[in-house]
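Chemist: Following is a predicted model, sequence given first.
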Amino acid sequence: MANVKVNTITYNDFVSSYHNVQIPDYQRPYRWDKVKVNDLLDDLEEFFIDKPVYGLDYYIGSILLFHNKKENCYEIIDGQQRLTTLNLIAYILTNNLQNGQNLHYNNHLSFYYIRENYEFLKKKKELLHTLDKKAFFNKLVFTLIVSYDEDQSFAF
């Protein structure tokens, strides 16, 4: 087996294919503020609503996971901020947590920003529903890097 797997994947495919995704204790807290979340929403609105291009996906960066076989999970090494924000958006749209995304937070800063961004995103519900009608989660594309070697994960 290769020590690393790299491919592109949509957000919806990621959520349905990678279960038991966790934030390891050593990760920094979730810190995206309302300005950062609003910047993402502005980009999504422009891309999917204001200036849509048929058949074009929205590239949202990379996600780096370590496949921890011992714990039978995928640990997020990079991409926690984006995944947390997208999971908040999905929660507002569906009123459900994303299946398999066991994102546990152990820092008061994470709780603060999650609560702040949740309240902010609730006020943007109309925009979120418009984006949802455009099936934007199927068009959000990541570069997904999955490492099967813990030391290699940190080298990235």
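Modeler: That came through, no problem.
Chemist: any chance you could map the strands in this structure?
Modeler: Remark: strands assigned in the chain by DSSP state E are 4-10, 21-22, 58-68, 73-78, 140-147.
Chemist: Give me the buried stretch members for the first one, please.
Modeler: The reference is to strand 4-10. 4, 9, 10 (16 or more other C-beta atoms under 10 Å). (Glycine included, C-beta is placed from N, CA and C.)
Chemist: again with stretch 81-99
Modeler: Result for stretch 81-99 [16+ other C-beta under 10 Å]: buried residues 81, 82, 83, 84, 85, 86, 87, 88, 89, 90, 92, 98.
Chemist: what's the answer for stretch 72-81, then?
Modeler: Quick answer for stretch 72-81 (16+ other C-beta under 10 Å): 73, 74, 75, 76, 77, 78, 79, 80, 81.
Chemist: Model confidence score at the most centrally placed residue in the chain, please.
Modeler: The chain has residue 83 as the residue nearest its centroid, 1.6 Å off, counting by C-alpha atoms, centre = their mean. Listed pLDDT for residue 83 reads 93.
Chemist: if we can go back for a sec, can I get the buried residues of stretch 72-81 in JSON lines including distance to residue 44?
Modeler: Formatted as JSON lines, the buried residues of stretch 72-81 follow (distance: C-beta to C-beta, whole Å):
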{"residue": "73", "distance to residue 44": "29"}
{"residue": "74", "distance to residue 44": "25"}
{"residue": "75", "distance to residue 44": "27"}
{"residue": "76", "distance to residue 44": "21"}
{"residue": "77", "distance to residue 44": "25"}
{"residue": "78", "distance to residue 44": "21"}
{"residue": "79", "distance to residue 44": "17"}
{"residue": "80", "distance to residue 44": "19"}
{"residue": "81", "distance to residue 44": "15"}
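Chemist: got any ranges where this protein has weak pLDDT?
Modeler: Where the chain drops to pLDDT under 70, the residues are 1-2, 98-102, 150-156.
Chemist: contacting residues for residue 24?
Modeler: 75, 76, 77 (C-beta atoms under 8 Å, 6 or more residues apart in numbering).
Chemist: Now do it against residue 91, distance only.
Modeler: 22 Å (C-beta to C-beta, to the nearest Å).
Chemist: ranges for the helices of the protein?
Modeler: Applying DSSP state H to the chain gives helices spanning 11-17, 34-45, 80-94, 108-122, 125-133, 150-155.
Chemist: so what's residue 20 closest to, chain neighbours aside?
Modeler: In this structure, residue 20 finds its nearest non-sequential neighbour in residue 73, 4.3 Å apart by C-beta to C-beta, 6 or more residues apart in numbering.
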